[in-house]
Structures are given as structure tokens and as C-alpha cells.
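> Quick one, fold the following:
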Amino acid sequence: MSSALIAAARERLELFLRRALITQAFEFAVDDFTAYDRAIDLPRPPLRSVDWIKYVDTAGILQIVAPDTYTVDESSNEIGRIALAWNRFWPCTRYTINAVTIRFTAGYGSAPKDVPQAIRHGVLIETANLYENREDAVVGRAVNMLAISERLLWPYRALGAG
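The predicted structure is shown next:
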């Protein structure tokens, strides 16, 4: 099967699972820090690292938050979190949309073998479905393309930050 079908299947399942399967970089933006008294939940687990946090200060200048200002919880395969370090405060941001941007890396690893077996099998099922059912409709046949793979993958679906 073509690598394009495999990539399409992987991307579709990443959206369904709300996860990053292969390690990749993301940027996540929020308006300010004040809505996050305890922690900022990052989408697309599993979290590997936080690369940087940038924000627009009250003067409109882009700044980088010092890494010793926050701690990163990347200990589980569930939602990764960023929280203030002890006795620290988030900086004040300009009142604007997406004043804070977080760049982070997420995914199980750089190779397909790093992804849990059940998810890899789901990608194979989805790829086969895409190959076998290339048309939008098949006359005289009902096609439920995702029932099997979604049942297989549901336990891996991230239900937190989306």
C-alpha cells in the first residue's frame, strides 16, 4: 500500500486519539497565564519536552519565560502539564489573543515500533479501509469503516486537553 495512505491513516487516527503518535513539534497558544492557576494542560500526549514558552509582555515585546519559572510534568502517557515552580509567578502579558505560545515536543518516539501495538494495528486497519473503500459510496453495501479500529483504539484516546 502507498505511503500516502499510511500517512493519511496515521493522521486520521492522531485526530481521533488526540495524540501524537510519531514524535513531532507543536505550538499551543493561550491568551494569558491567569486562567491557569494550577497548571496548563498541553494537548497531543504523550509529552516529551517543553522547548520554550514565549509571551507578549505589556509593552508588546516578545519575551521568553525563564525555564526555572515552571516545571513540566511529562511523567505519564496522558495529558502533559506545565505548572509554576515553587514561589514563582507567571509574567504579566499584554491583553491580546494568543499572547502566550508554548512550543513542545510530543509523541511515542521517532519510529513506528515506539507506538503501542494496538495503535499500530489500528493504523493498519484504517489503511486497509482507505485502500478497500476508495469511493465515497459503494452501491448496495453499507460500509462502517472505523467501527473496528475505534473500538480497538478507544482506550488510548486522550480525553483531557484537546
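
> Please enumerate the helices of the chain.
Assigned by DSSP state H, the chain shows helices spanning 3-17, 117-132, 147-153.

> any idea how far residue 28 is from the residue most central in space within the chain?
The centre of the chain sits closest to residue 44, judged by C-alpha atoms, centre = their mean, with a distance of 1.5 Å. Distance of residue 44 to residue 28, given as C-beta to C-beta, to the nearest Å: 8 Å. Where C-beta positions appear, they are placed from N, C-alpha and C, glycine not excepted.

> do residue 13 as well
With C-beta to C-beta as the criterion, residue 13 and residue 28 are 20 Å apart.

> Tell me which of the two has more neighbours.
Taking other C-beta atoms under 10 Å, residue 13 and residue 28 do not tie; residue 13 has more neighbours (25 against 20).

> At which residues are the strands of the protein located?
Assigned by DSSP state E, the strands in the chain fall at 24-30, 40-42, 47-56, 62-64, 70-73, 80-84, 100-106.

> Can you lay out those as a markdown table showing distance to residue 90?
Shown next, in a markdown table, are the strands of the chain (distance: least, C-beta to C-beta, whole Å):
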| stretch | distance to residue 90 |
| --- | --- |
| strand 24-30 | 11 |
| strand 40-42 | 9 |
| strand 47-56 | 8 |
| strand 62-64 | 12 |
| strand 70-73 | 8 |
| strand 80-84 | 6 |
| strand 100-106 | 9 |
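
> Turn those into CSV, columns for distance to residue 130 and mean pLDDT.
Compiled in CSV, these are given as follows (distance: least, C-beta to C-beta, whole Å; pLDDT from 0 to 100):
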stretch, distance to residue 130, mean pLDDT
strand 24-30, 21, 96
strand 40-42, 29, 93
strand 47-56, 28, 97
strand 62-64, 42, 98
strand 70-73, 36, 95
strand 80-84, 30, 93
strand 100-106, 24, 97
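
> closest to residue 4 out of these?
strand 24-30 (17.9 Å; C-beta to C-beta).

> Okay, now the sheet partners of that closest one, with direction.
Counting by DSSP bridges, the strands paired with strand 24-30 are strand 100-106 (antiparallel).
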